[in-house]
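**Q** model this:
(one chain, ligands or ions: 1)
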Amino acid sequence: MTGKRLLTIIQMNDTHAYFDLHQEMFWQGDRAVYRAAGGYARISTIVKQIRAESKGHILFCDGGDTIHGTFPAIDTQGQALIPILNSLGLDAMTAHWEFAYGPKVFNQRVAELNYPMLANNVYDKVTNKLVYQSYIIKEISGIRIGLVGIASNIIDKTMPPSYSEGIYFTLGKDELPPIINMLRVQEKVDLIVLISHLGFPQEMKLLSEVQGIDVCLSSHTHNRLYKPVLNGKAIVIQSGCHGSFLGRLDVEVEGGQIVDYRHRLIEVEAGTQPDPAVDELIRQALAPYKNELSEVVGETATALNRGTTLESTMDNFLLQTLLESTGAQLAFSNGWRYGAPIVPGQITLNDLYNIIPMNPPVSMVELTGEEIMAMLEENLERTFSCDPYQQMGGYVKRCLGLNVYFKIENPQGHRIQKIFIGNEEIQPNRYYTAAFVTPQGVHQKYGRNRENRSERIIDAMQKYLAAHHPIHAEFRDTFVAV
Ligand SMILES: [Zn+2]
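**A** Numbers count the residues shown, from 1 in each chain. Next up is the predicted model:
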């Protein structure tokens, strides 16, 4: 390559199968405010505009968490997304929740996509061979680009075993230097772009340990990076979640390196004209579900928002449901990051599936005080570990019925100062009844008399909504950072 060349990189990440316009949360002054954003048809319009401006010199990448997160996605094991994704002109993806359908089903979806799935860190358990291509080489605008993928590495560590049947995941770090070297020396690429689903803190550590990456397209932790972050010479961007944002990075390349760049985090605003062809594909995908999912099932007085670390109003609604449905003393669920907010007013069945698209059974277990403390210390370490590679959770575990006073900055196993159940301090040897959803709520290793009840969580939430008009789900100071 000779002379200066321009390339526009577009990032989409963590869309979580939000097909169409939905509510999104924004911080404004002392509160959260909400407005509609997103949808693949609006994304398509914006990408087409950029493509035209850039004379087609664009690299468009998907960071994963794409084909899971809403009811039509789950009901079709991600298939409903495929025609839509294939219409967007993507160059490559990596993955995380895609594995929720099991690796075999995900591989069918990969075969249906018109762009590759990249991961240098997913191995077959029997052959120890890579399941996906680690990288591809693209030539755009006369620039040779080595595009490398790293999938989420927590799938076989903190998620249900079916997600990693027959495969295992590494961090992907040790695999990088030989790939980077080969791309630079043998393939003579000008630019190395990493599509990673490790998460922003994890990628920052990785970039400080591995040299030679020019651009890191970060995903998983739902960061809205309004400005790129520099790590050595690597430019890092991440672009929110739910398809409410796209990242745009314009780079000027000369002599095998970036000599200048501009970045914008683009909000996919409701006012954007949807691309009619993609909009039609979305209508077709949603048609079988439209009537059922638009049913109004209740009303909320509280804005149900999941985008807060220590506790969330959306999960308090879920946990209130668990307590009322079971009569348990305590309720637990995982601190999932995905789930677009629900504004005060009517709640539809679609909203309930957005909260918990898997619709798992309501489960019960008896836990000792000691187990509860161990479970929460483990969770706080996975959320706030000072080693980013040990951060394997989402937000803090969602709990109701207890109050935890803790020190975020303390070492592993020593964060919790006090736990109260009601007014009484937790008793290590006493058993407490707990309701939960999914093994991520209360791991298999904890408790006795574990059982799945016949009721599923969506039915339980509908009953709760019928009994409380409107519902309130304010913060309870469940976790207080002291
Ligand atoms: Zn993720």
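**Q** Identify the residue nearest whichever residue of the stretch 1-150 of the chain sits closest to the ion in space, chain neighbours excluded?
**A** With Cβ to the ion as the measure, residue 96 is the residue of the stretch 1-150 of the chain nearest to the ion, at 3.7 Å. All C-beta spots, glycine's among them, are computed from the backbone N, C-alpha and C. Among residues not flanking residue 96 along the chain, residue 152 sits closest, at 3.6 Å (Cβ to Cβ, 6 or more residues apart in numbering).
**Q** Surely that neighbour and residue 197 touch.
**A** Yes: counting by Cβ atoms under 8 Å, residue 152 sits close enough to residue 197 to count as a contact (4.3 Å).
**Q** what's the overlap in contacts for those two?
**A** Residues within reach of residue 152 and of residue 197 at once, by Cβ atoms under 8 Å, 6 or more residues apart in numbering, are 64, 95-96, 220.
**Q** now for the residues you listed, which pair is the farthest apart?
**A** By the measure Cβ to Cβ, those have their two most distant members at 95 and 220, which lie 10.5 Å apart.
**Q** Point me to the residue of the stretch 201-350 of the chain nearest the ion.
**A** Counting by Cβ to the ion, the stretch 201-350 of the chain gets nearest the ion through residue 220, at 3.8 Å.
**Q** Tell me how many other residues crowd that residue.
**A** If you count neighbours by other Cβ atoms under 10 Å, residue 220 ends up with 28.
**Q** Got the phi and psi for it?
**A** Phi and psi for residue 220, reported as degrees, to the nearest 10, are phi 90, psi -40.
**Q** if I pick the closest residue to it other than its chain neighbours, what's in contact with it?
**A** Once flanking residues are discounted, residue 220 sits nearest to residue 199: 4.2 Å by Cβ to Cβ, 6+ apart. Contacts were defined as Cβ under 8 Å, 6+ apart; by that measure residue 199 touches 218-221, 388, 391.
**Q** out of these, which are buried?
**A** Neighbour counting by 16 or more other Cβ atoms under 10 Å classes 218-221, 391 among the contacts of residue 199 as buried.
**Q** In CSV, list those residues along with distance to residue 80, pLDDT and secondary structure.
**A** Formatted as CSV, the entries for the buried ones among the contacts of residue 199 read as follows, by distance: Cβ to Cβ, whole Å; pLDDT from 0 to 100; DSSP: H, G, I helix; E, B strand; the rest coil:
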residue, distance to residue 80, pLDDT, secondary structure
218, 27, 98, coil
219, 21, 98, coil
220, 23, 97, coil
221, 26, 97, coil
391, 32, 96, coil
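**Q** export the residues you listed to JSON lines and tack on distance to residue 278?
**A** Converted to JSON lines, these look like this (distance: Cβ to Cβ, whole Å):
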{"residue": "218", "distance to residue 278": "25"}
{"residue": "219", "distance to residue 278": "22"}
{"residue": "220", "distance to residue 278": "25"}
{"residue": "221", "distance to residue 278": "27"}
{"residue": "391", "distance to residue 278": "35"}
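**Q** so the residue of the stretch 201-350 of the chain closest to the ion touches residue 16, yeah?
**A** No: taking contact to mean Cβ under 8 Å, the distance of 11.2 Å between residue 220 and residue 16 leaves them out of contact.
**Q** Mutual contacts of these two, please.
**A** Listed contacts common to residue 220 and residue 16 are residue 65; contacts here mean Cβ under 8 Å, 6+ apart.
**Q** for the lowest-mean-pLDDT helix or strand in the chain, which positions count as buried?
**A** Among the helices and strands of the chain, helix 155-158 carries the lowest confidence by mean pLDDT, DSSP states H and E, at a mean of 94. Within helix 155-158, the residues that count as buried by 16+ other Cβ under 10 Å are 155-156, 158.
**Q** about what we covered before: do you know the pLDDT at the residue of the stretch 1-150 of the chain closest to the ion?
**A** Model confidence at residue 96, given as pLDDT, is 98.
**Q** ditto for residue 1
**A** pLDDT, read off for residue 1, is 61.
**Q** same thing with the one 5 residues further on?
**A** Note for residue 6: predicted pLDDT of 96.
**Q** List the residues that contact it.
**A** With Cβ under 8 Å, 6+ apart as the criterion, the residues that contact residue 6 are 54, 57, 141, 250-253.
**Q** try residue 345
**A** With Cβ under 8 Å, 6+ apart as the criterion, the residues that contact residue 345 are 299-300.
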